[in-house]
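Novice: here is a sequence with its predicted model. Questions after.
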Amino acid sequence: MSASVVVEPHFVEQMQRAIERYRDLEPQSIPVDDPETPELAMPNRLAYALGWVLASAVVGSRFPTAAIDVLPVYHPEHGWDRFLVTRRVSCALHSDEPADSRGVLWLGEEDAPVFTVGQSVRLPLGTLCRTEPAEAIRRLLYAVPAPRLRQGDHSRCAHTRAEAYPTVHRVVTDLIVDYPGLIAARELFIDDQQVDGAYHPLYLATGAKLEGWTYEYFQLVYGDQIAFLRADGKLLTYEREPGTWRTVGELPLADPAALRARLCEVLRLGGASEATPEAQGEGEPEESGTASGTS
């Protein structure tokens, strides 16, 4: 049963911090005067933070072996209201699977987060996250279906090429837990045409090779600061000053604390190291240019 599932203490500690920082925050609706801006719109802000911790636990346990990813979803009427548990975008051999075939973490239901798989599984986790966080994670990991991958060539699949992705996800989750104003998106649209007189920063950063819908990056937004961190942790594109973007590589993937510090600097979060991104980035490859904002 679920007791046999090992839970890393880090995830329990993250959940406890999330409860401390998010429990008194009110739900936020989509601004009527700017319905295209997602920002902090979500039906349950504590469930959102808890959802990220649960998602990170699933990614850490299931992504390397079963290609299971967990993607935050923005609903045009409700905001950030669910996570899809899926391998549709992480494994080319399973790209024909329904996006929710491995389950959904709902954030707007009673006792959220609530994990469901079709009509057969319904697992409310909100109360359990607050009272027994390790058991909440155990039960979710036990419930997430992870059948074997199809046989074939997986050499170009994200689950084989992005070995550092669980670490990157964990660091992003850590920041979301500590900074309630931080929002992370995974489903991005990269336009190959100029918008408001400028190209999308990732279109420029990849030499016009990335266009259309992509799940290869985290888009991190904190106030006016925006950064794009590739899921494999190998590239970071951020705005140095309005309209000017920089792309760097050689990120400290072997040291989660150092990666967190780097993101804190780029996003200008409190508690970041005093060293500037430019100073830390000396000798790193970069691409700069004028680009549009987020997708």
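Specialist: Cool, the structure landed. Numbers count the residues shown, from 1 in each chain.

Novice: so Pro43 is in contact with Glu110, correct?
Specialist: No: here Pro43 does not reach Glu110: they are 11.1 Å apart, not a contact under Cβ atoms under 8 Å. Any C-beta I mention is one placed from the backbone N, CA and C, and that applies to glycine too.

Novice: between these two, which one's more packed in?
Specialist: Pro43 (20 against 9; other Cβ atoms under 10 Å).

Novice: so what's that one up against?
Specialist: Pro27, His78, Gly79, Asp81, Leu107, Gly108 (Cβ atoms under 8 Å, 6 or more residues apart in numbering).

Novice: so what's it closest to, chain neighbours aside?
Specialist: Counting by Cβ to Cβ, 6 or more residues apart in numbering, Pro43 lies nearest to Gly108, which is 3.5 Å off, once chain neighbours are set aside.

Novice: wait, a strand at the one you found?
Specialist: No: Gly108: not assigned to a strand; according to DSSP: H, G, I helix; E, B strand; the rest coil it is coil.

Novice: quick one: low-confidence ranges for this structure?
Specialist: Scanning the chain with the threshold set as pLDDT under 70 gives 1-4, 30-39, 92-95, 159-160, 194, 197, 203, 208, 271-295.

Novice: for it, which segments count as strands?
Specialist: 69-75, 79-86, 104-106, 114-117, 121-124, 182-185, 188-190, 212-214, 217-222, 225-230, 236-241, 244-248, 288-290 (DSSP state E).

Novice: tabulate the ones you listed in TSV, adding columns for distance to Glu135 and mean neighbour count.
Specialist: Formatted as TSV, those follow (distance: least, Cβ to Cβ, whole Å; neighbours: other Cβ atoms under 10 Å):
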stretch	distance to Glu135	mean neighbour count
strand 69-75	19	21
strand 79-86	19	25
strand 104-106	17	24
strand 114-117	14	20
strand 121-124	12	15
strand 182-185	26	20
strand 188-190	35	17
strand 212-214	36	12
strand 217-222	29	22
strand 225-230	31	21
strand 236-241	36	19
strand 244-248	40	21
strand 288-290	48	14
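
Novice: which among these is found nearest to Pro256?
Specialist: For the strands of the chain, the distance to Pro256 is smallest for strand 225-230, at 13.1 Å, taking Cβ to Cβ.

Novice: please name the strands paired to that closest one in the sheet, noting orientation.
Specialist: strand 217-222 (antiparallel), strand 236-241 (antiparallel) (DSSP bridges).

Novice: could you pull up phi and psi at the residue nearest to Pro43?
Specialist: phi -110, psi 0 (degrees, to the nearest 10).

Novice: so it touches Asn44, yeah?
Specialist: Yes: Gly108 is within contact range of Asn44, at 5.9 Å (criterion: Cβ under 8 Å).

Novice: what about these two, which has more around it?
Specialist: Asn44 (24 against 19).

Novice: wait, isn't that one in contact with Ala112?
Specialist: Yes: counting by Cβ under 8 Å, Ala112 is a contact partner of Asn44 at 5.3 Å.

Novice: now, which of the contacts of Pro43 sits nearest Val177?
Specialist: Distances from Val177 to the contacts of Pro43, taken by Cβ to Cβ, are shortest for Leu107, at 15.1 Å.

Novice: the residue nearest to the closest one when sequence neighbours are not counted: neighbouring residues, count only.
Specialist: Counting by Cβ to Cβ, 6+ apart, Leu107 lies nearest to Ala47, which is 4.2 Å off, once chain neighbours are set aside. When neighbours are defined as other Cβ under 10 Å, Ala47 has 29 of them.

Novice: Ala47 and Pro124 touch, don't they?
Specialist: No: applying Cβ under 8 Å as the test, Ala47 and Pro124 come out as separate, 10.8 Å apart.

Novice: for the residue lying closest to Glu8 once chain neighbours are set aside, give me its contacts.
Specialist: Nearest residue to Glu8, sequence neighbours excluded (Cβ to Cβ, 6+ apart): Gly60, at 7.0 Å. Neighbour list for Gly60: Glu8, Phe11, Pro166, His169, Arg170 [criterion: Cβ under 8 Å, 6+ apart].

Novice: I'd like the distance between the fourth one and Gly60.
Specialist: From His169 over to Gly60 the distance is 7 Å, taken as Cβ to Cβ, to the nearest Å.

Novice: I appreciate the help and will end here.
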